[in-house]
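Enquirer: Got a predicted structure plus its sequence, pasted below:
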Amino acid sequence: MRKKIIQFTALTLSAVLLFTGCHNARFDRFLKDETTTGTEENTSKGEEETTDSNEPIPDGPGSSQNTKNPKDKEFTAEQIEVQESFNKFLDDEYKESQAYSLVSTHFDLQNPENFGITEYESIWGDYTIDDYLNSYDEDKALLDTLLTYDYSALTYEQQLTYDTMKEYLENCLPLDEYFYFSEYFSPASGVQFELPLILSEYSLDDEQDIKDYLTVLENCDEYVLGLLDIEEWRAEKGYALADEAIDEVVTQCNDILSASEPAFMSVIFKVIDECEFVTAEEKESYKSQIRQLATDNFIPAYQSIISGLTALKGSKTTEGGLSEYEGGEEYYEALVRLYTGSDKTIDELIEVIEDDLYDNIVAFSTILTKDPDIYDKLDGDLNYTYTEPDEILTNLMSMLTKDFPAPVCTTYNLKYVAESMQSSSNPAFYLIPQYDNYERNIIYVNPNEKYAHMDLFPLLAHEGMPGHMYQNNYFLSLNPHPMRTLMSFGGYAEGWAQYVEYYSYDWSGLEPLLAEAIRSNDRFGFALYSRVDIGVNYEGWNVDDIEDFLSQYTTAGRELAEDLYEMFIYDPATYLQYYIGNLEILELRAKAEDQLGKDFNIKDFHEFFLTVGPTYYDIIYDRMLMWIDEEY
């Protein structure tokens with residue numbers, strides 16, 4: 001299961017699953033003052049019959065969706081042999097996948113030799129057309145092998161891994177088939193933004209790491225040229241970036257080139273200076289080599305991006321979102337499934353979103369009747385009890401233990417995005433730690449003035465405690481099979497981070513009604529964005545359509561409609577993973593409360609959810625029914 005380059009945005013970084021890049025977590029005020037008018041007609045739903053074109057593939061021999069094994073089941077000797085064979089299959093596949101890319105494996109593992117990985121097929125990973133053309137056959141072959149195992153003989157944890165891999169591979173097949181829709185140089189999350197982060201955060205634990213770093217830096221231009229070849233191939237087939245997107249990427253590259261030296265150099269030089277395993281003379285020699293390689297390879301890589309993409313201007317033959325292309329709707333359905341983790345159809349998601357838009361309007365109207373000044377309070381400065389990063393995170397760690405399991409790790413390194421990268425970076429992001437070194441937690445905050453309206457308290461709740469840092473540390477501390485870390489589930493990760501961000505407002509020191517207003521307004525904004533995303537990429541909306549839709553809910557006009565149209569063409573389905581992921585967690589929680597009644601315990605529910613770990617929500621629901629049956 002080799003990782004693809006930038007195949008899935010937000011959680012995916014070049015050939016490396018590296019960081020969660022989080023979007024604007026606090027919307028400007030969207031809701032009209034007349035929040036109870038002009039909405040009823042829009043929220044009525046049709047009852048059209050929907051079908052799922054992606055039929056599930058049957059399970060393997062002896063398996064059934066109903067043969068879930070409890071954690072304490074006793075097995076026969078024959079079944080234990082199946083379990084051992086299945087573990088070997090996972091181990092072998094993990095080793096093969098990780099041995100494919102030095103860069104990817106370095107960010108995934110501190111000690112790859114402990115997993116039998118000592119050599120690599122490539123430095124950066126896949127970057128040829130042939131690799132992508134072969135992806136479907138490789139994933140299909142892996143799925144076929146998986147299905148040969150007797151599901152009923154597997155342990156609880158093995159069945160969870162089996163179910164997750166099966167749905168993930170089924171989900172990947174249509175994405176493999178339409179891989180040419182992937183944007184490797186997206187203005188929102190492309191290679192041009194991620195390269196400096198890789199080169200800044202490449203850990204140096206021994207001298208071999210430094211030597212490997214030099215190799216990585218030396219090959220970064222070759223990596224970029226390979227991606228540009230793919231981009232040229234896409235352009236020939238009509239899938240090029242729009243001219244406006246190319247102009248934005250070129251601006252981002254020029255920002256990086258305009259710095260007196262590449263931003264990553266000062267960071268990695270500081271790390272080298274702190275290395276105790278090399279002499280002072282060796283340190284200076286390595287830094288000198290890095291300077292030369294930056295001149296010979298890193299800077300030319302960005303110059304190649306500028307010239308290569310500029311040459312492709314005018315190549316885009318189709319206006320609009322994915323639905324305007326042949327196969328675009330099928331690709332978008334699969335992308336939404338992967339990004340959100342939800343098994344709801346697009347039509348079902350539309351219904352859920354429009355219901356939630358209406359519910360938030362009603363909720364906000366209720367708040368407004370209780371406090372007519374709520375709009376002024378939202379537009380003003382919010383008075384959080386804690387405002388400094390360290391005190392915010394310390395307070396969050398203290399407050400969360402009432403409703404969440406205790407953190408397994410409380411150490412972190414808070415960093416700020418380099419000036420040359422601020423204009424194109426997200427407001428904050430968390431770097432996913434290595435599987436065997438999960439206590440290495442790094443949170444980045446972007447101090448750019450365009451994010452000045454965003455509040456640090458909810459950002460750090462989202463990225464740190466009890467958000468991404470807390471969730472990743474908790475899951476990795478359970479020692480899951482590392483194969484599960486090769487599968488990316490943005491709907492689980494971002495859904496959880498969004499869920500706890502909203503939860504954290506109760507700990508913020510803000511008055512309760514204001515905290516509720518912020519939650520309602522923010523959720524409304526995500527719902528609005530998510531609905532427009534589907535409109536653009538699945539229903540073929542243009543700017544006029546977006547403007548008409550927005551006019552039913554907000555005073556924002558054509559300028560916002562144009563911005564959203566452009567954003568969702570460049571970066572489809574990204575907001576959905578935050579928004580739908582959060583709604584799926586709330587739905588799970590509501591079902592657990594309904595079944596357990598007075599026995600429901602919120603802390604136990606959170607512990608269950610974190611213990612299952614990243615996967616699809618239908619799989620989590622199945623395990624939740626088992627959890628309720630076994631524990632209650």
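Expert: Perfect, I can see it now. Residues are numbered from 1 along each chain as shown.
Enquirer: Residue 312 reaches residue 232, doesn't it?
Expert: Yes: taking contact to mean CB atoms under 8 Å, the distance of 6.7 Å between residue 312 and residue 232 places them in contact. All C-beta spots, glycine's among them, are computed from the backbone N, C-alpha and C.
Enquirer: Tell me which of these two has more neighbours.
Expert: For the pair residue 312 and residue 232, the greater number of neighbours falls to residue 312 (19 against 16), based on other CB atoms under 10 Å.
Enquirer: Find the residue closest to the more buried one in space, skipping its chain neighbours.
Expert: Distances taken as CB to CB, 6 or more residues apart in numbering place residue 235 nearest to residue 312, at 4.7 Å, with adjacent residues excluded.
Enquirer: swap in residue 196?
Expert: For residue 196, the closest residue by CB to CB, 6+ apart turns out to be residue 264, at 4.7 Å.
Enquirer: what does residue 215 give?
Expert: Skipping the residues right next to it in sequence, residue 215 comes nearest to residue 123 by CB to CB, 6+ apart, at 6.1 Å.
Enquirer: what bits of the stretch 251-400 of the chain have low per-residue confidence?
Expert: For the stretch 251-400 of the chain, not a single residue meets the criterion pLDDT under 70.
Enquirer: ok, residue 467 to residue 501 distance?
Expert: When distance is defined by CB to CB, to the nearest Å, residue 467 is 7 Å away from residue 501.
Enquirer: Over to residue 162?
Expert: Where residue 501 is concerned, residue 162 sits at a distance of 32 Å (CB to CB).
Enquirer: Assumed residue 429 was part of a strand.
Expert: Yes: according to DSSP: H, G, I helix; E, B strand; the rest coil, residue 429 belongs to a strand.
Enquirer: so it makes contact with residue 444?
Expert: Yes: counting by CB under 8 Å, residue 429 sits close enough to residue 444 to count as a contact (5.2 Å).
Enquirer: Where does the prediction get shaky in the protein?
Expert: For the chain, residues meeting the criterion pLDDT under 70 lie at 1-66, 424.
Enquirer: and the residue nearest to residue 262 when sequence neighbours are not counted, what is it in contact with?
Expert: Closest residue to residue 262 in three dimensions, ignoring its sequence neighbours and counting by CB to CB, 6+ apart: residue 294, at 5.2 Å. By CB atoms under 8 Å, 6 or more residues apart in numbering, the contact list for residue 294 reads 217, 261, 262, 265.
Enquirer: check contacts around residue 145.
Expert: For residue 145, the contacting residues are residue 89, taking CB under 8 Å, 6+ apart as the criterion.
Enquirer: In terms of helices and strands, where is it?
Expert: Under the criterion DSSP states H and E, the helix or strand holding residue 145 is helix 135-146.
Enquirer: Would you mark the buried spots in that helix?
Expert: Within helix 135-146, the residues that qualify as buried by neighbour count (16 or more other CB atoms under 10 Å) are 135, 136, 139, 140, 142, 143, 146.
Enquirer: Alpha carbons of it, as CSV, please.
Expert: Coordinates of each C-alpha in helix 135-146 appear next as CSV, following Å, rounded to 0.1, in the frame of the first residue of the first chain:
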residue,chain,number,x,y,z
SER,A,135,-1.8,1.9,-8.6
TYR,A,136,-5.2,0.3,-9.3
ASP,A,137,-3.7,-3.1,-10.0
GLU,A,138,-1.5,-2.9,-6.9
ASP,A,139,-4.3,-2.0,-4.6
LYS,A,140,-6.7,-4.5,-6.2
ALA,A,141,-4.1,-7.3,-5.7
LEU,A,142,-3.6,-6.3,-2.1
LEU,A,143,-7.4,-6.3,-1.6
ASP,A,144,-7.7,-9.8,-3.2
THR,A,145,-5.0,-11.1,-0.8
LEU,A,146,-6.7,-9.6,2.2
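Enquirer: Which element is encountered next along the chain beyond it?
Expert: Next in sequence after helix 135-146, counting helices and strands by DSSP H and E, comes helix 156-177.
Enquirer: elements contacting the helix or strand just after that following helix?
Expert: Moving toward the C-terminus from helix 156-177, the next helix or strand (DSSP H and E) is helix 191-200. Counting by 3 or more CB pairs under 8 Å, 6 or more residues apart in numbering; DSSP states H and E, the packing neighbours recorded for helix 191-200 are helix 207-218, helix 220-236, helix 243-258, helix 263-273, helix 299-310.
Enquirer: Name the residues of the second one that are buried.
Expert: When you say that, I think you mean helix 220-236. In terms of neighbour count (16+ other CB under 10 Å), helix 220-236 has its buried residues at 220, 221, 223, 224, 226, 227, 228, 230, 231, 232, 234, 235.
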